[in-house]
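**Student:** I'll drop the sequence and a predicted model, then ask my questions.
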Amino acid sequence: MKLLLVSPVAKNKFLGKNFAFALPFLSMPVIAAHTPSDVDITFVDERVDKIDFNDSYDLVGITAMTPLAPRAYEIASYFRKRDIKVVIGGMHASARPEEVLKHADSVVIGEGEDIWPIIIDDFKAGKLKSIYKKESYTDLSLMLPPRRDLLNMNRYAPVEFVETTRGCPFGCHFCSVTKFFGGKYRTRPIDHAIKEISKFKTTTRKFSIKNVVFFVDDNIIGDRNHAKELFQRIKPYKLNWLGQASINIAKDDELLQLAKDSGCIGFMIGFESLSDDVLKKVAKKSNKATEYLESIRKIQSYSIGVMGSFIFGFDQDDKSVFEKYWHFMKKAKLEAVYLGILTPYPGTRFFDELNSQGRIFDHDWSNYDTSHVVFRPKKMSVKELQDGYLWAWRKTYSLPFIFNRLKQTKAMRMFVWPMNIGFHFSIKKLAKELKQ
């Protein structure tokens, strides 16, 4: 049996094929690991490879987040016209299974590791069902390590991805993570993660930044005891690692010291808004905007960089939000920043709220990429939000401001400079695309 697994890409989108650097996704390599050994697997990540639509496959599996759904449907159509069965899973499929079934033979709702071997067996028996739904969340102790041998690593940035937890207890009303992975924080046995990490030194590349690992957990410190043990256990491997964390890390000196000693070079932190009123309304309970600068300085004092994310377009935001952000950035001197336009993803409370109010005007999923305004804001026009967002990107990643922010940074020098320059050039492409 020949199986094709595909991670689609949205061409000309900010984080799509034209982005300055590519990072490997784990979802399909993990699915591949849970595929029976007698299946011949081909994996294609469209950001770095092309699909051979003329090749013969018995089954095609596609994963899709919301902005990638139209491309997933396009790929599916090519193969279904050749009578090749197609299965689609991922966050968008879980939120919109009826829609997805119009474009696929089968849809996977929820996490796929446990369901996938059943799907393969049903397909072999000629009994493929239209819907496969995981009623419970995956036991991470049973999760197999991803099939990294299927990745063309020389085409990605030199970073390894590792997952040690899933789920988020915060439940921000605009976020799809809790809906898909659950509100209960689940941990993977640390021994399993260490076994993965121990093999990274054998990886060969044409270029390398030594031992860089990104922990993809949505909040690596969500279980403090798990985080403490993980940081202690990875220390001997001399990693340069990054991860996502809540701002609570700034209040925990012990964890900060352990993170530093274990090789942490940076945390990605979702600041989201500079308004405590906004943070309260969207249930971002861990954040207090008045403490941001103090928290940033505390983390940086451990020679750990801070990569912050901010969102524009909340109902309380007016045009002044962009100048307020810029004023903050000049003080904060964050090592890197990601900016997004508030996006109503299907399956979130925010989508249901805006949809009931008739404020969503764009139903082209490819524009649900946090770079396009797809709903009518309350206190500014669509154009003002779109233009202000692009203005903030340009100011943040202008070459003079990059230099000003990073000239004294002690954290992740070998990583943060290329990242910032990459964003600088990618934003130029984004500006061109938004003007079309």
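**Tutor:** Yep, it's here.

**Student:** contacts, neighbours, all on C-alpha from now
**Tutor:** Will do.

**Student:** following the lowest-mean-pLDDT helix or strand in the chain, which helix or strand shows up next?
**Tutor:** Sorting the helices and strands of the chain by mean pLDDT, DSSP states H and E puts helix 177-181 at the bottom, at a mean of 58. Of the helices and strands lying after helix 177-181 in sequence (DSSP states H and E), the nearest is strand 186-187.

**Student:** List of residues touching that next one?
**Tutor:** 140, 164-167, 223, 226 (Cα atoms under 8 Å, 6 or more residues apart in numbering).

**Student:** and with 10 Å instead?
**Tutor:** Strand 186-187 is contacted from outside by 137-141, 163-168, 217, 220, 222-223, 226-227, using Cα atoms under 10 Å, 6 or more residues apart in numbering.

**Student:** So which of those residues belong to strands?
**Tutor:** In strands, defined here by DSSP state E, the members of these are 165-166.

**Student:** From the contacts of strand 186-187, which land in helices?
**Tutor:** Among these, the members found in helices (DSSP state H) are 226-227.

**Student:** Only the buried subset of the contacts of strand 186-187, as a PyMOL command please.
**Tutor:** To isolate the buried members of those in PyMOL, using 16 or more other Cα atoms under 10 Å:
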select buried, resi 137+138+140+163+164+165+166+167+168+217+220+222+226+227
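
**Student:** show me what contacts Pro36?
**Tutor:** Contact analysis of Pro36 by Cα under 10 Å, 6+ apart lists 116-118, 120-121.

**Student:** likewise Lys428?
**Tutor:** Neighbour list for Lys428: 14, 390, 393-394, 397 [criterion: Cα under 10 Å, 6+ apart].

**Student:** Tell me how this structure divides into domains.
**Tutor:** As given by automatic domain parsing, the domain ranges for the chain are 2-133, 157-435.

**Student:** how about the longest helix belonging to the chain: buried residues?
**Tutor:** Counting residues, the longest helix in the chain under DSSP H turns out to be helix 413-435. Neighbour-count burial for helix 413-435, counted by 16+ other Cα under 10 Å, picks out 413, 415-417, 419-421, 423-424, 426-427, 429-431.

**Student:** and what of stretch 348-368?
**Tutor:** Quick answer for stretch 348-368 (16+ other Cα under 10 Å): 348-351, 354, 360, 365-368.

**Student:** same thing with stretch 370-382?
**Tutor:** 370-377, 380, 382.

**Student:** can you tell me which of the residues you listed are in strands?
**Tutor:** Among the buried residues of stretch 370-382, no member falls in strands (DSSP E).

**Student:** Let me know the closest of the residues you listed to Glu196.
**Tutor:** Of all the buried residues of stretch 370-382, Thr370 has the smallest distance to Glu196: 32.4 Å, by Cα to Cα.

**Student:** Pull the contacting residues for the closest one.
**Tutor:** Contacts of Thr370 by Cα under 10 Å, 6+ apart are 14-15, 67, 311-312, 339-345.

**Student:** same question, Ser398
**Tutor:** 404, 420-421, 423-425, 427.

**Student:** Asp87 touches Ser77, doesn't it?
**Tutor:** Small correction: residue 87 is Val, not Asp. No. Val87 lies out of contact with Ser77 (Cα atoms under 10 Å); the separation is 11.6 Å.

**Student:** More neighbours: which of these two?
**Tutor:** Val87 (25 against 16; other Cα atoms under 10 Å).
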